[in-house]
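Predicted model follows, preceded by the sequence.
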Protein chains: 2
Amino acid sequence: MLKFRAIVEYDGTAYHGWQLQKGLPTVQGAMETALARILQTPTRVHGAGRTDAGVHATGQVAHFLGQWPHPVSKLQTGCNALLPRDIVIRGLEIAEDHFHARHSARSKTYAYRVSCGVHPSPLKRLYSWHVPFQLDVDAMAQAAGYLIGSHDFGAFGSPTDGTPATVREILHARWEENPDEQELLFTIAGTGFLRYMVRTIVGTLIMVGRGRLTPTEVRLALRSLDRTRVGPTAPPNGLCLVSVKYNDK
Amino acid sequence: MLKFRAIVEYDGTAYHGWQLQKGLPTVQGAMETALARILQTPTRVHGAGRTDAGVHATGQVAHFLGQWPHPVSKLQTGCNALLPRDIVIRGLEIAEDHFHARHSARSKTYAYRVSCGVHPSPLKRLYSWHVPFQLDVDAMAQAAGYLIGSHDFGAFGSPTDGTPATVREILHARWEENPDEQELLFTIAGTGFLRYMVRTIVGTLIMVGRGRLTPTEVRLALRSLDRTRVGPTAPPNGLCLVSVKYNDK
């Protein structure tokens, strides 16, 4: 058996998230169906991040085991031909035996797109959150700065791994303005994330941008571990898993 | 009766083009349905450009007549609330009596997006044409230059207005590279366009980029008026009607 490591891009609009759910379309399910057909045996696919319903990815990483006597590129091409058009394997290679898409991950980077025009844009509606308010980006950047480092993020989400630990380390978090497109792009990297954590951070920072919370209140809310003191969870369609880093690359 | 002038953005994915067709979803049909409800009378909507099935717009212009005793902004808000999420009226104002969205138009600008990665991108699939080949952008720009000015574009499309005339004037036509996004953006402005003309120009210029046609061959094909000498019609989803210019603005 060989272990394969795939980089996967998908449009999450039509899926109930990455993780397999009985009777519902999921990205993991679509990949397992395609791989089972091409490898002619049931195949379990392990993803680095369990993206929620409606969340996108340009750089999800997944691993699976399989027997494949042909070139790896033929497995990639064949699998892409079987996958629906909203999922593509962008890269495929043979991994080390000990590689695990989730456990070996050193950090993950997410991007969140906010569109700022007065009216919602039909062409951006699937890939951004429309926030039709004047936003104070400097205050949003200041509040984002307070999240960098190791903190207990209990106020911002719940663990996904079955353990009660809610301490996570944020490596960077920044806002970029794209005035031509009337867009803001939030990029955040961390060693791990709680469930809904990125979307709750975005929802909280937008509250700061609107003047409903101060950056200092965000710092105090983080320390309080109190979910009622942070903002709402931002919608899933603005979020995209951009990349996963490992020790080897 | 007042005459209204609207700027309309839409995602053409779900529509059989702008123009009304019995029993098929069209953008004009969706707008007429919303306006009939809010104005409480059947309302004809006239668009500046009859975009084809699957083509998008960020700056389509349309006009219609109606009685509306309230502020114009309330008509816009009300109409947007009734329209599906893939159509938005971005601007609405009262027009001069003689204004006609199509007949008064002085020029139109279209954009065509080409995505160039090895693999098709799920997140771009609805809004670009995936061309997985090395493209010679300089040659494409040179060939595009031969199209600027007044020419008989009979080789590139057919008239939509019932007259046999196929002379049109192109004001500018240029390619921009966006290497970060692995994208090419083609922008073309003209006083008028034949049916399929922009998409056939793009299909022809991509043939130039791939080395299948030389810029000189494009110039000769234009002069020949022979449709068999130009490239294929590029798919609709890469095309977007960006703006329509009038004498007043």
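Perfect, thanks for sending it.

Quick check: buried residues in stretch A:22-42?
Using 16 or more other C-beta atoms under 10 Å in any protein chain shown as the burial criterion, the residues of stretch A:22-42 that qualify are A:Thr26, A:Val27, A:Gln28, A:Gly29, A:Ala30, A:Met31, A:Glu32, A:Ala34, A:Leu35, A:Ala36, A:Ile38, A:Leu39. C-beta coordinates here come from the backbone N, C-alpha and C atoms, glycine included.

so of those residues, which ones are in strands?
Among those, none falls in strands (DSSP state E).

now, which of the residues you listed sits nearest A:Val242?
For the buried residues of stretch A:22-42, the closest approach to A:Val242 (C-beta to C-beta) belongs to A:Val27, at 15.7 Å.

pretty sure the closest one is touching A:Ala14, no?
No - contact between A:Val27 and A:Ala14 fails when scored by C-beta atoms under 8 Å: they sit 9.5 Å apart.

How about the contacts made by the closest residue to A:Ala139 other than its chain neighbours?
Nearest residue to A:Ala139, sequence neighbours excluded (C-beta to C-beta, 6 or more residues apart in numbering or on different chains): A:Val208, at 5.1 Å. With contact taken as C-beta atoms under 8 Å, 6 or more residues apart in numbering or on different chains, A:Val208 is in contact with A:Asp136, A:Ala139, A:Met140, A:Ala143, A:Thr214, A:Pro215, A:Val218.

For the most far-flung residue of chain A relative to its centre, which phi and psi angles does the backbone take?
What lies farthest from the middle of chain A is A:Pro69; by C-alpha atoms, centre = their mean that is 33.1 Å. Here is the backbone geometry of A:Pro69 (degrees, to the nearest 10): phi -80, psi 0.

in the sheet, who's paired with A:Glu169?
Under the criterion DSSP bridges, A:Glu169 forms beta bridges with A:Ser150.

Identify the residues contacting A:Gln142.
Counting by C-beta under 8 Å, 6+ apart, A:Gln142 makes contact with A:Pro215.

Distance check, it against A:Ala173.
Distance, A:Gln142 to A:Ala173, using C-beta to C-beta, to the nearest Å: 11 Å.

Put together CSV for the buried residues of stretch A:22-42, with distance to chain B and pLDDT on each row.
Supplementary listing: the buried residues of stretch A:22-42 in CSV, determined by distance: C-beta to the nearest C-beta, whole Å; pLDDT from 0 to 100:
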residue, distance to chain B, pLDDT
A:Thr26, 15, 98
A:Val27, 10, 98
A:Gln28, 15, 98
A:Gly29, 16, 98
A:Ala30, 11, 98
A:Met31, 13, 98
A:Glu32, 18, 98
A:Ala34, 14, 98
A:Leu35, 17, 98
A:Ala36, 21, 97
A:Ile38, 17, 97
A:Leu39, 20, 97
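
picking up where we left off before, just say helix, strand or coil for the residue nearest to A:Ala139.
helix (DSSP: H, G, I helix; E, B strand; the rest coil).

what separates A:Gly17 from B:Leu126, distance-wise?
Distance from A:Gly17 to B:Leu126, by C-beta to C-beta: 21 Å.

same thing with A:Thr41?
For A:Thr41, the distance to B:Leu126 - C-beta to C-beta - is 34 Å.

now the helices for chain A?
For chain A, the helices defined by DSSP state H cover A:27-39, A:72-82, A:137-145, A:197-209, A:215-224.

Can you tell me which of those helices is packed in deepest?
For these, the largest average neighbour count (mean count of other C-beta atoms under 10 Å in any protein chain shown) is found in helix A:197-209, namely a mean of 25.

quick one, that one and helix A:137-145 angle?
Angle, helix A:197-209 to helix A:137-145, by axes from the mean of the first three to the mean of the last three C-alpha atoms, to 10 degrees: 140 degrees.

With only the CA atoms kept, save helix A:197-209 in PDB.
Presented in PDB, the C-alpha positions along helix A:197-209 are these (Å, rounded to 0.1, in the frame of the first residue of the first chain):
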ATOM      1  CA  MET A 197     -13.100  30.100  15.700                       C
ATOM      2  CA  VAL A 198     -12.100  32.000  12.500                       C
ATOM      3  CA  ARG A 199     -15.700  33.000  11.700                       C
ATOM      4  CA  THR A 200     -16.300  34.200  15.300                       C
ATOM      5  CA  ILE A 201     -13.100  36.200  15.100                       C
ATOM      6  CA  VAL A 202     -14.200  37.800  11.900                       C
ATOM      7  CA  GLY A 203     -17.700  38.500  13.300                       C
ATOM      8  CA  THR A 204     -16.100  40.100  16.300                       C
ATOM      9  CA  LEU A 205     -13.600  42.200  14.300                       C
ATOM     10  CA  ILE A 206     -16.500  43.400  12.000                       C
ATOM     11  CA  MET A 207     -18.200  44.600  15.200                       C
ATOM     12  CA  VAL A 208     -15.000  46.500  16.000                       C
ATOM     13  CA  GLY A 209     -15.000  48.000  12.500                       C
END
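
show me the residues around A:Gly49 that make contact.
By C-beta under 8 Å, 6+ apart, the neighbours of A:Gly49 are A:Trp18, A:Ala57, A:Gln60, A:Arg102, A:Ala105, A:Lys108, A:Phe193, A:Leu241, A:Val244.

Over to the first one: give its phi and psi.
Read it as A:Trp18. phi -70, psi -50.

how far away is the closest residue to A:Lys3 other than its chain neighbours from B:Ala57?
Nearest residue to A:Lys3, sequence neighbours excluded (C-beta to C-beta, 6+ apart): A:Ala95, at 4.6 Å. Going from A:Ala95 to B:Ala57 by C-beta to C-beta gives 45 Å.

likewise A:Ile89?
In this view, A:Ile89 and B:Ala57 are 33 Å apart by C-beta to C-beta.

Compare the two (neighbour count), which wins?
It is B:Ala57, of A:Ile89 and B:Ala57, that has more neighbours when counted by other C-beta atoms under 10 Å in any protein chain shown, with 29 against 24.

quick one: contacts for the more buried one?
B:Ala57 touches B:Val8, B:Glu9, B:Tyr10, B:Gly12, B:Trp18, B:Val27, B:Gly49, B:Thr51, B:Cys240, B:Leu241, B:Val242, counting by C-beta under 8 Å, 6+ apart.

neighbour-wise, which of those residues leads?
Using other C-beta under 10 Å as the neighbour test, the contacts of B:Ala57 are led by B:Val27, with 31 neighbours.

list the contacts for A:Asp152?
Residues near A:Asp152 by C-beta under 8 Å, 6+ apart: A:Thr166, A:Val167, A:Leu225.

Spell out which residues of chain A are next to chain B.
For chain A, the contact set with chain B under C-beta under 8 Å from any C-beta of the partner chain comprises A:9-11, A:56, A:58, A:80, A:85-90, A:117, A:119-123, A:125-127, A:240.

Drop anything exposed from those.
A:9-11, A:56, A:58, A:80, A:86-90, A:117, A:119-123, A:125-127, A:240.

Restricted to strands, list those residues.
Reading strands off those with DSSP E, I get A:Glu9, A:Tyr10, A:His56, A:Thr58, A:Ile87, A:Val88, A:Ile89, A:Arg90, A:Cys240.
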